[in-house]
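Asker: Any chance you could fold what I've pasted below:
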Amino acid sequence: MEKEPILTVKDLSIAFHMYDKGLEQYDLKVISNLDLDVYSGEIVAIAGSSGSGKSLLAHAVMGLLPENALLSGTIAYKGKILDLADKEKLRGKELALVPQSVAYLDPLMSIGTQVSGKGAPKKKVTLQKKIFQRLQLKENVEKLYPFQLSGGMARRVLVSTAVLSGADVIIADEPTPGLDLEMALETLKIFRELADEGKAIVLITHDIDLAFHIADRVAVFYAGTTLEIADANDFLEGPEALRHPYSKALWKALPQNGFEPVPGFQPYAKYLPGGCLYFPRCPHRSDECEKKIPMKNVRGGRVRCIYAD
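Answerer: Got it, this is the predicted structure:
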């Protein structure tokens, strides 16, 4: 890995300007003080329950947030802090997204044109055919339109588009749902190969069992913030190697590890607790946990917990 990350997210917060009853205005904060760095040549998997801010992070990096979004903190690419204009210039060229929704495909454009581009050079068309073959997409798929594809086919098309973009950073937002195990593994293998060639991959996934084996590091999100960033091997070793109580609980909740539930639920964005967002559910909580807690270095990883050692 290079000394400096290719993508850095520092103290990111995102709120949405909303209207309540009687047209009363308020700002709903959905991401708070989120940190993440990604290096060329690695896959960083992002794990966490629904509503933890994973997809919002992807949209913030790509400059795809709606107009009522209020963003603070910094997003930097190759050391340069990006504004919206920068993100628009980089999008699809140096920054690529595999979106979670297949609705991102243009319904009026053939698949081949969307993946390779109109009038694409022969080299790119040849590469597109090879990727289609690996993802078990028949050659005639390039002549079809999105409505003619199954959900799994459409998802594989989106993966192909990101791969062919040549981007240095690829954010894959849930690229495997709807795929059988063989195809999911092949898709992740492609991302692994891209990382080994020097690309940086951010893999947002609920298939964390697969992610632990394909990723270099894992970032654990909860209620819109980062609780831990650790080597993927730490998750394979078990809770003793992890640092945050939520990461340990996430490991124990996996079917093969006992399927142990945690009492309580992830807080709604409008009613977040002060201090540690996991505080209400944590078995180790104390009054100190109600204060703002920064990320710190612990045993080769980073964690947002005063008791982690």
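
Asker: Export the helix or strand harbouring K89 to PDB, keeping only CA atoms.
Answerer: For K89, the host element (DSSP states H and E) is helix 84-90. What follows is helix 84-90, C-alpha atoms only, in PDB (Å, rounded to 0.1, in the frame of the first residue of the first chain):
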ATOM      1  CA  LEU A  84     -19.200  19.000  -6.000                       C
ATOM      2  CA  ALA A  85     -17.700  20.200  -9.300                       C
ATOM      3  CA  ASP A  86     -14.600  18.000  -8.700                       C
ATOM      4  CA  LYS A  87     -16.800  14.900  -8.000                       C
ATOM      5  CA  GLU A  88     -18.800  15.500 -11.200                       C
ATOM      6  CA  LYS A  89     -15.600  15.700 -13.300                       C
ATOM      7  CA  LEU A  90     -14.200  12.500 -11.700                       C
END
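
Asker: so what secondary structure elements neighbour that helix?
Answerer: For helix 84-90, the packing partners by 3 or more C-beta pairs under 8 Å, 6 or more residues apart in numbering; DSSP states H and E come out as strand 69-77. Yep, even glycine has a C-beta here, placed from its N, CA and C like the rest.

Asker: Sheet partners, orientation included, of the strand it packs on?
Answerer: Sheet pairing here is set by DSSP bridges, and for strand 69-77 it gives strand 7-19 (antiparallel), strand 80-81 (antiparallel).

Asker: Tell me the buried residues in the following helix or strand past the first one?
Answerer: Using DSSP H and E, the helix or strand that follows strand 7-19 towards the C-terminus is strand 25-38. By neighbour count with 16 or more other C-beta atoms under 10 Å, strand 25-38 contains the buried residues K29, V30, I31, S32, N33, L34, D35, L36, D37, V38.

Asker: Now the two most distant members of those residues.
Answerer: Across those, the longest distance by C-beta to C-beta is 23.8 Å; it joins K29 and V38.

Asker: lowest-pLDDT helix or strand in this structure?
Answerer: Lowest mean confidence among the helices and strands of the chain (mean pLDDT, DSSP states H and E): helix 208-214, at a mean of 88.

Asker: so who does the spatially most central residue of the chain touch?
Answerer: The structure's the chain has its C-alpha centroid closest to I204; by C-alpha atoms, centre = their mean the separation is 3.2 Å. Residues near I204 by C-beta atoms under 8 Å, 6 or more residues apart in numbering: A45, I46, K54, S55, L57, A58, Q100, I171, A172, D173, E174.

Asker: packing partners for the strand or helix carrying the fifth one?
Answerer: In this assignment (DSSP H and E), L57 forms part of helix 54-62. Of the remaining helices and strands, those touching helix 54-62 by 3+ C-beta pairs under 8 Å, 6+ apart are strand 7-19, strand 25-38, strand 69-77, strand 95-98, strand 169-173, strand 200-204.

Asker: Tell me which of those sits nearest to R281.
Answerer: Among the helices and strands packed on helix 54-62, the nearest to R281 by C-beta to C-beta is strand 25-38 (16.7 Å).

Asker: So for the closest one, mean pLDDT?
Answerer: The pLDDT scores in strand 25-38 average 95.

Asker: Provide the strand pairings for that strand, with the direction of each partner.
Answerer: Using DSSP bridges, the strands paired with strand 25-38 are strand 7-19 (antiparallel).

Asker: Buried residues in the strand it pairs with, which are they?
Answerer: Residues of strand 7-19 classed as buried by neighbour count (16+ other C-beta under 10 Å): L7, T8, V9, L12, S13, I14, A15, F16.

Asker: tell me the angle of it relative to strand 200-204?
Answerer: Orientation check (axes from the mean of the first three to the mean of the last three C-alpha atoms, to 10 degrees): strand 7-19 against strand 200-204 gives 40 degrees.

Asker: what's the average pLDDT for strand 7-19?
Answerer: In this model, strand 7-19 has a mean pLDDT of 96.

Asker: what do you get for stretch 67-86?
Answerer: 97.

Asker: and the longest helix for this protein?
Answerer: Criterion DSSP state H: the longest helix present in the chain is helix 181-196.

Asker: Which strands and helices lie in contact with it?
Answerer: In terms of contacts (3+ C-beta pairs under 8 Å, 6+ apart), helix 181-196 is packed against strand 43-47, helix 122-134, helix 151-164, strand 169-173, strand 200-204, helix 208-214.

Asker: Run through who's touching the least confident helix or strand of the chain.
Answerer: 43, 45, 47, 176, 184-185, 188-189, 191-192, 203, 205, 218, 232, 235-236, 250, 254, 256.

Asker: Helix or strand next in line after it, which one?
Answerer: Going down the chain from helix 208-214, the next helix or strand is strand 217-222, by DSSP H and E.

Asker: For that following strand, output the C-alpha coordinates as CSV.
Answerer: Provided in CSV are the C-alpha atoms of strand 217-222 (Å, rounded to 0.1, in the frame of the first residue of the first chain):
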residue,chain,number,x,y,z
ARG,A,217,-9.8,-4.4,5.9
VAL,A,218,-13.3,-4.1,7.2
ALA,A,219,-15.0,-0.9,8.4
VAL,A,220,-17.9,-1.3,10.8
PHE,A,221,-20.6,1.3,10.5
TYR,A,222,-23.4,1.9,13.1
